[in-house]
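> Let me see the structure of the following:
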Amino acid sequence: MSAYGVINRPQRTSYLPTTLWDSPRVEPDLGTPSFVTIHHIDRAAVERVQTGLFNYLHSTFENEVDKGLTYPQEDISDPAAFGAYFFGGDVLIGIAGKVRGVREIEQSLDVARNGRPWESVSQGFTTSVKPNYPGRSSHICNAGFMVPPSQRGSGYGRILAKSYLYYAPALGYKASVFNLVYNNNVASVKLWEALNFTKAGLIPKAGRLKRMDGEGEEYVDAIVFYKSFEET
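Now for the predicted structure:
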C-alpha cells in the first residue's frame, strides 16, 4: 500500500496489441539481427495459459531483489507477495524473435514463445504499469523494468523503455514518474536521460543498498524522473 492508501487502477477488459521492435543484437549462429515482440499480459493470462511463466518471473525478480542494488524490497520470496506487487498493474514482456519491424501484429505469447524455455526467450519485462498517485493525479503512471542478467548489454533495456512510451499512453496515461532510480544504476539513469525524461528531483540517501564489492551496505541517492506523454 502506498502513502496515499490503496490506489485504484483502471480495470482492463482486453489486451493491447502485440508490437514488434527491431533489436541491435545479432544472432551469432545465423548472422542476422534479432527482434523482440512486446506482449501486454496480466496475472490471469499468465496463470490460465502460460505454463511456468509465473515461476520464471518470480525467480528472476527475486534474484534481482536479493542482490540489493536496484529495488527497495529486501525479500520477495513469498509467491503471494511477489504476485501482488509484480501484477499490481499492467505487465509487458519481451520475447525474442526473427521478424523485422516496429508495428502492431496479431501474435499470441504462445506463438512468439514457440515452445522454447522462458529462460531463453524472455528478453525482459515491464512490471506493474499503474497510477503513481490516486484520484485526480491517477493519470500519471509508474512502472518497473528488468532485463535478465543473461540478456544485458544487448539493447533490450532500450526496447523495453521505448515500448513503455508506446503502451503507457495507449493505456490512458498522460505522463510518467519514476520515484526511485538509484544513481548507482548508471545504465538506467543514462537510458531515461537519453529518452528525454526530466530529473524532477533528487532524494538524498534514499536507498540502503548492498555494496557492489560485497562489503556491507551503503546509502545511495535516488533520482525522480518525469516525462509527459503529451509533449511533441
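
> Just the strands from the protein, written as ranges.
Remark: strands assigned in the chain by DSSP state E are 18-27, 32-41, 90-97, 104-105, 122-131, 140-146, 175-182, 198-210, 217-228.

> and these as TSV, adding distance to residue 169 and mean pLDDT?
In short, each C-beta sits where N, CA and C put it, glycine included. Compiled in TSV, those are given as follows (distance: least, C-beta to C-beta, whole Å; pLDDT from 0 to 100):
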stretch	distance to residue 169	mean pLDDT
strand 18-27	13	73
strand 32-41	13	79
strand 90-97	12	86
strand 104-105	14	68
strand 122-131	11	85
strand 140-146	9	92
strand 175-182	9	96
strand 198-210	17	96
strand 217-228	10	96
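
> With mean neighbour count and distance to residue 190 added, can I get those strands in JSON lines?
Output for these, formatted as JSON lines (neighbours: other C-beta atoms under 10 Å; distance: least, C-beta to C-beta, whole Å):
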{"stretch": "strand 18-27", "mean neighbour count": "17", "distance to residue 190": "16"}
{"stretch": "strand 32-41", "mean neighbour count": "21", "distance to residue 190": "20"}
{"stretch": "strand 90-97", "mean neighbour count": "24", "distance to residue 190": "20"}
{"stretch": "strand 104-105", "mean neighbour count": "12", "distance to residue 190": "29"}
{"stretch": "strand 122-131", "mean neighbour count": "22", "distance to residue 190": "17"}
{"stretch": "strand 140-146", "mean neighbour count": "21", "distance to residue 190": "13"}
{"stretch": "strand 175-182", "mean neighbour count": "19", "distance to residue 190": "11"}
{"stretch": "strand 198-210", "mean neighbour count": "14", "distance to residue 190": "12"}
{"stretch": "strand 217-228", "mean neighbour count": "17", "distance to residue 190": "11"}
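
> Make a markdown table from the ones you listed and add distance to residue 152 to it.
Compiled in a markdown table, those are given as follows (distance: least, C-beta to C-beta, whole Å):
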| stretch | distance to residue 152 |
| --- | --- |
| strand 18-27 | 11 |
| strand 32-41 | 14 |
| strand 90-97 | 13 |
| strand 104-105 | 26 |
| strand 122-131 | 9 |
| strand 140-146 | 10 |
| strand 175-182 | 16 |
| strand 198-210 | 18 |
| strand 217-228 | 20 |
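
> between those strands, which gets nearest to residue 156?
Nearest to residue 156 among these is strand 122-131; the distance by C-beta to C-beta comes to 4.3 Å.

> Which strands or helices does that closest one pack on?
helix 53-67, helix 79-86, strand 90-97, strand 140-146, helix 156-170 (3 or more C-beta pairs under 8 Å, 6 or more residues apart in numbering; DSSP states H and E).

> Try it again at 7 Å.
helix 79-86, strand 90-97, strand 140-146, helix 156-170 (3 or more C-beta pairs under 7 Å, 6 or more residues apart in numbering; DSSP states H and E).

> Residue 20: which of those is closest?
With C-beta to C-beta as the criterion, residue 20 lies closest to strand 90-97 of the helices and strands packed on strand 122-131, at 7.5 Å.

> Having no further points to raise, I will conclude here.
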